[in-house]
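> Model the structure of this input:
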Amino acid sequence: MDFLKGLPTVWDETHGLAGEVGKYVVEVRRHGQNWYLAAITDRQARELPVPLKFLGAGDWKVTRWEDAPDADQNPEHLVQE
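Have a look, this model is predicted:
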């Protein structure tokens, strides 16, 4: 729930970065000065290269949410880093 509480509902900018129909999608959205990157895939685990050029130069702080190791059995479980 912490993840959903902090997620904006209105966006200033949205870009698709990568995807393949029926397999996966990667997109970014900006709200103010903050960027939100999301990726979703079918049931096949995969590593996706994500170009971060849209961020521009500078130092960036990241909070990452991902499926927990038991997400195949408990899809609501997330890990925050």
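> surely residue 74 meets residue 67?
No: judged on CB atoms under 8 Å, residue 74 makes no contact with residue 67 at a distance of 9.5 Å. (Each C-beta comes from the backbone N, C-alpha and C, glycine too.)
> Okay, and residue 37 sits in which element?
Here residue 37 sits within strand 34-41, counting by DSSP states H and E.
> Next up, the contacts around the residue most central in space within the chain.
Residue closest to the mean C-alpha point of the chain, counted by CA atoms, centre = their mean, is residue 38 at 2.0 Å. Contact analysis of residue 38 by CB atoms under 8 Å, 6 or more residues apart in numbering lists 26-29.
> repeat that with 6 Å
Neighbour list for residue 38: residue 27 [criterion: CB atoms under 6 Å, 6 or more residues apart in numbering].
> distance of the residue of the chain most remote from its centre from residue 40?
Relative to the C-alpha centroid of the chain, counting by CA atoms, centre = their mean, residue 73 is the outermost residue, at 20.9 Å. According to CB to CB, to the nearest Å, residue 73 and residue 40 sit 18 Å apart.
> and if you look at residue 7?
For residue 7, the distance to residue 40 - CB to CB - is 14 Å.
> Those two: who's more crowded?
residue 7 (12 against 9; other CB atoms under 10 Å).
> Identify the bridge partners of the residue nearest to that one when sequence neighbours are not counted.
Leaving aside its chain neighbours, residue 7 sits nearest to residue 36 (7.2 Å; criterion: CB to CB, 6 or more residues apart in numbering). Per DSSP bridges, the residues bridged to residue 36 are residue 29.
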